[in-house]
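Novice: sequence first, predicted coordinates after that:
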Amino acid sequence: MSAALLVRALRDPSSVTTLDATGWNGLIAAARAERLIGTLAFRLADIVVPPAVQPILADARTDAAREARQALWEADRAVQALRPLDVRVILLKGTAYAAAGLRAGQGRFIGDLDILVPRDRLAAVEQALIAAGWEWVKEDAYDDAYYRQWMHELPPMIHRTRDRMIDVHHTILPLTARPTPDAVALIANAQPIADGLFVLGPEHMVCHSAAHMLADGDLQGGLRNLWDIHCLCCEFGAQDDNFYLSVFEEAAFNGLTVAVWRALRLAHHLYGTPVKAYRAPIALDYRLKPLDRLFIARLLARDGWGRETRKLLVFAFFLRSHWLRMPLLMLARHLWTKWRKGHRPT
């Protein structure tokens, strides 16, 4: 499976020296499909690769550097737009890693600009961004109302001239989700990294990444999210012997213990993340649980061309992601409404 080749190459870059042409094709296809081609390129920077592969990896490194510059510029523009409001602009995900100079940002694909702001300032933030050139992507009244009433973010916006998306979060999980993270605490514990820019604290970064991967999404991009967690844990764990204990303390406080524990088990199993077990004050080990095998099968569901396989399993995780987001009756009503809107007679 090409995804398994990708995991092995990220974990042990020297493993690619045994690949034949078919193996290289599968590895690159999987890396592109998982949006990990830039990360792979940086991981293989010191490895001798076939001549045909060299320009592919060089282009990926160039593209990743350009994406990082664009992301940081977009973050700067958002800060300038929101500066008069005197609110903390907290970067999330890829832009946060790049801005903070973290290992997780090296070569990482960065799509939308994700920021976290206090919920009671959303209206002012929204108006300031509109005045600075952002406009709504979703003009549908139902989608707009759904985002505003139930989601953890405003409807997505795009800048009219730069064509760059911004997602404005006020917490890290939908309001209908079972876990209810304390957004006020996340914002209060954010750390400054530049003039007007903040990132989540180290423990909260891991909690957010695990929540995004396992308590909200359908594991699309799961290998990339898991690599983020691996890098964050390697970097912060090397700086603080009690880092993992702090992570689980924050996970418990925010209702994310199940997601964080599973994320660390998967990261340890697939990427070799150097996790730390405990007997006290909490009992923790990282042996795989029976259901973890299904998550691994979903994460590795790609063929030699990078195409998704195990369609039934993929669909099951899609349904799971919706079930996690909202109660059953609300989910049924939401899916029925979306189906009717998507199948309206002409």
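Specialist: Everything's here; your move.

Novice: tell me the phi and psi of S14?
Specialist: With angles defined as degrees, to the nearest 10, S14 sits at phi -70, psi -20.

Novice: what pLDDT is listed against it?
Specialist: For S14, the pLDDT comes out at 96.

Novice: which residues does it contact?
Specialist: By CB atoms under 8 Å, 6 or more residues apart in numbering, S14 lies in contact with I47. (C-beta placed from N, C-alpha, C; glycine too.)

Novice: strands of the stretch 1-150 of the chain, start to end?
Specialist: 89-91, 113-116, 134-136 (DSSP state E, counting those that start in this stretch).

Novice: okay, now V125: neighbour count?
Specialist: Neighbourhood size, V125 [other CB atoms under 10 Å]: 22.

Novice: that one reaches R83, doesn't it?
Specialist: No - V125 is beyond contact range of R83, at 11.6 Å (criterion: CB atoms under 8 Å).

Novice: for R164, find the nearest of the strands of the stretch 1-150 of the chain.
Specialist: Across these, the minimum distance to R164, taken as CB to CB, is reached by strand 113-116, at 6.6 Å.

Novice: CA-only coordinates of the closest one in CSV, if you can.
Specialist: Taking Å, rounded to 0.1, in the frame of the first residue of the first chain, the C-alpha atoms of strand 113-116 are listed here in CSV:
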residue,chain,number,x,y,z
LEU,A,113,-5.7,30.8,7.4
ASP,A,114,-7.2,29.5,10.7
ILE,A,115,-7.5,31.9,13.6
LEU,A,116,-9.0,31.7,17.0
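
Novice: parallel or antiparallel, list what pairs with that strand.
Specialist: strand 89-91 (antiparallel), strand 165-169 (parallel) (DSSP bridges).

Novice: what's in contact with it?
Specialist: Contacts to strand 113-116, defined as CB under 8 Å, 6+ apart, come from residues 71, 74-75, 78, 89-93, 95-96, 164-172, 183, 186-187, 190, 200.

Novice: rerun that using 6 Å as the cut-off
Specialist: With CB atoms under 6 Å, 6 or more residues apart in numbering as the test, strand 113-116 has contacts from 74, 89-90, 92-93, 95, 166-169.

Novice: ok, the residues you listed vs D143, which is closest?
Specialist: D167 (13.9 Å).

Novice: once you drop chain neighbours, what's closest to A9?
Specialist: V16 (5.2 Å; CB to CB, 6 or more residues apart in numbering).

Novice: count the residues that sit near the nearest residue to V125 once chain neighbours are set aside.
Specialist: Leaving aside its sequence neighbours, V125 sits nearest to V117 (CB to CB, 6+ apart; 5.2 Å). Other residues lying near V117 total 24 when counted by other CB under 10 Å.

Novice: would you confirm that V117 contacts R88?
Specialist: No - using CB atoms under 6 Å, V117 makes no contact with R88, being 7.1 Å away.

Novice: so which of the strands paired with strand 113-116 is the most packed in?
Specialist: strand 89-91 (a mean of 24; mean count of other CB atoms under 10 Å).

Novice: what residues does that strand touch?
Specialist: Against strand 89-91 from outside (CB under 6 Å, 6+ apart): 75, 79, 82, 99, 115-116, 190, 198-199.

Novice: out of these, who's nearest P179?
Specialist: L116 (16.2 Å).

Novice: partner residues bridging the closest one?
Specialist: In this entry, L116 is beta-bridged to I90, H169, by DSSP bridges.

Novice: any idea how far it lies from N225?
Specialist: L116 is 17 Å from N225, where distance means CB to CB, to the nearest Å.

Novice: in terms of neighbours, single out the busier of these two.
Specialist: Taking neighbours as other CB under 10 Å, L116 and N225 compare with L116 leading, 28 against 22.

Novice: for the longest helix seen in the chain, give the mean pLDDT please.
Specialist: Longest helix in the chain, counting residues (DSSP state H): helix 54-82. The average pLDDT within helix 54-82 is 96.

Novice: residue closest to the middle of the protein?
Specialist: N225 (4.8 Å; CA atoms, centre = their mean).

Novice: which stretch of helix or strand covers it?
Specialist: If you go by DSSP states H and E, N225 is part of helix 222-239.

Novice: that helix packs against which elements?
Specialist: helix 202-214, helix 257-271 (3 or more CB pairs under 6 Å, 6 or more residues apart in numbering; DSSP states H and E).
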